[in-house]
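Student: Quick one, fold the following:
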Amino acid sequence: MTQTPVELPEMMQAAVVTEAGGPENFQWREVPVPLPSANQVLIETAATGLNFIETYQRSGLYDVPYPFIPGSEASGTVVAVGDQVGNVTVGDRVATASGAETYAQFFVAPADKLLPVPDTLDLVEAAAVPLQGMTAHYLCRSTYEVSAGDNVFLTAGAGGVGQLLTQMCKHLGANVYTVVSTDEKRKIAEAAGAHGVFSYDDFGDKLHEVTDGVGVDVAYDAVGADTFDTSLASVRVRGMIVLFGAASGPVPPFDLQRLNAEGALFTTRPSLAHYTRTGDEVAWRAQEIFGWLSEGALQLSVDQRYDLADAADAHRALEARKTTGKTVLVP
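Tutor: Next up is the predicted model:
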């Protein structure tokens with residue numbers, strides 16, 4: 001039995017993708033308000049985080065049933081809880097990367113996958129933490145545990161994950177190098193603390209120079225097809241390349257023998273779901289992130305805000321690489 005002290009509306013507005021294709025397939029529709037199951041909560045949306053995975057789902061690159069309401073990352077206020085939920089109450093301020101269909105005025109999420117948002121943090125800004133913040137955290141704390149003195153390379157340094165990952169790696173004592181596409185984005189990456197910011201046309205040569213030919217300890221690549229080969233060639237012997245996105249398209253299949261030829265490299269294709277499998281792991285990551293925020297070691301950057309009804313415009317901007325930092329959709 002769902003517990004709620006207030007009467008909730010039966011219907012809400014949502015950004016619905018009618019069929020696979022371009023952003024023009026979004027429609028602003030009235031749909032039923034979801035009901036939380038026994039272990040879920042219902043949240044009134046403060047902001048929804050925009051992420052590249054939703055463009056893959058909308059376009060048909062990832063197989064989803066249509067019509068489809070995208071979104072998994074959002075922040076807001078709990079307005080109802082399932083009858084088996086004991087760790088969350090109505091009125092709690094929360095954020096999550098595990099919400100269902102968050103391009104809407106209300107959404108449900110598992111109670112054990114919620115990040116409690118401190119009163120000192122604006123709820124709209126909090127929407128930048130669950131996916132991009134947690135992604136940056138697992139990349140530098142778990143996939144490859146960054147240590148003081150490491151040389152780290154990451155693509156898209158002015159992006160949401162890029163800025164957070166740069167700050168986290170720098171806080172952990174690493175030398176951070178990144179690549180951007182414009183002078184404006186160069187300034188953003190430098191402000192995030194990158195030690196070197198390069199252009200896409202020569203970043204391989206630059207990484208060779210700054211590491212005296214040794215190569216970086218780890219390369220975090222979210223661009224994919226356009227950068228993967230150069231990223232791979234920029235990693236030191238027995239180093240690691242982490243592919244965690246495909247902004248320019250998926251990396252074609254390649255012979256694993258290349259890893260031997262390049263220096264007995266390690267490679268992996270991680271995802272957030274596999275690094276937030278338990279409530280305890282979610283809590284640990286959230287605790288560190290919010291701790292770094294309170295210490296001033298980490299700054300959030302919500303650079304674009306769109307009305308949720310204008311989700312199509314937000315997708316166009318993201319796919320054209322016109323965004324920096326975090327983009328959120330606000331009902």
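Student: Give me the residues contacting stretch 315-323.
Tutor: Contacts of stretch 315-323 with the rest of the structure, by CB atoms under 8 Å, 6 or more residues apart in numbering, involve 23, 26, 50, 52, 54-55, 58, 159, 181, 247, 303-304, 327. C-beta coordinates here come from the backbone N, C-alpha and C atoms, glycine included.
Student: Run the chain-centre distance for it.
Tutor: 15 Å (CA atoms, centre = their mean, to the nearest Å).
Student: Ok, stretch 131-146 next?
Tutor: Computed by CA atoms, centre = their mean, the chain-centroid distance of stretch 131-146 equals 10 Å.
Student: do stretch 55-74 as well
Tutor: Per CA atoms, centre = their mean, the centroid offset for stretch 55-74 relative to its chain is 15 Å.
Student: Same question for stretch 151-163.
Tutor: 12 Å.
Student: Now do the contacts for the spatially most central residue of the chain.
Tutor: Nearest to the geometric centre of the chain sits Q132, at 2.7 Å (CA atoms, centre = their mean). By CB under 8 Å, 6+ apart, the contact set of Q132 is G49, N51, E73, G160, V161, L164, K326.
Student: give me the element the closest residue to D221 other than its chain neighbours is part of.
Tutor: Closest residue to D221 apart from its sequence neighbours, by CB to CB, 6 or more residues apart in numbering: S231 at 4.5 Å. Assigned by DSSP states H and E, S231 belongs to helix 228-233.
Student: For T77, which residues are in contact?
Tutor: Contacts of T77 were listed using CB under 8 Å, 6+ apart, and they are I43, E44, A46, G91, D92, R93, V94, L123.
Student: what does R285 give?
Tutor: By CB under 8 Å, 6+ apart, the residues touching R285 are M134, H137, Y138, R141, Y275, T276.
Student: Help me confirm that S59 comes into contact with P23.
Tutor: No. Shown here, S59 and P23 do not form a contact pair, counting by CB atoms under 8 Å, at 9.1 Å.
Student: need the helices for the stretch 201-331 of the chain, in chain order.
Tutor: With DSSP state H, counting those that start in this stretch, the ranges of helices along the stretch 201-331 of the chain come out as 203-210, 228-233, 257-261, 279-295, 311-319.
Student: residues making contact with the third one?
Tutor: Contacts of helix 257-261 from elsewhere in the structure, counted by CB under 8 Å, 6+ apart, are L232, L265, F266, T267.
Student: now do 6 Å
Tutor: For helix 257-261, the external contacting residues (CB atoms under 6 Å, 6 or more residues apart in numbering) are L265.
Student: ok, now the first one?
Tutor: Helix 203-210 is touched from outside by F153, V179, G196, F198, T230, S234, with contacts defined as CB under 6 Å, 6+ apart.
Student: A95: which element?
Tutor: In this assignment (DSSP H and E), A95 forms part of strand 93-96.
Student: Can you give the contact residues for that strand?
Tutor: So strand 93-96 is contacted by S75, T77, A109, K113, L114, L115, V117, A126, V129, P130 (CB under 6 Å, 6+ apart).
Student: Now do the same contact list for the spatially closest residue to F68 that is not a sequence neighbour.
Tutor: The shortest distance from F68 to any non-neighbouring residue, by CB to CB, 6+ apart, is to V17 (4.6 Å). V17 makes contacts with N25, F26, R58, F68, as judged by CB under 6 Å, 6+ apart.
Student: Quick check: the third one is in a strand.
Tutor: No. Residue state for R58 (DSSP: H, G, I helix; E, B strand; the rest coil) corresponds to helix; a strand is not indicated.
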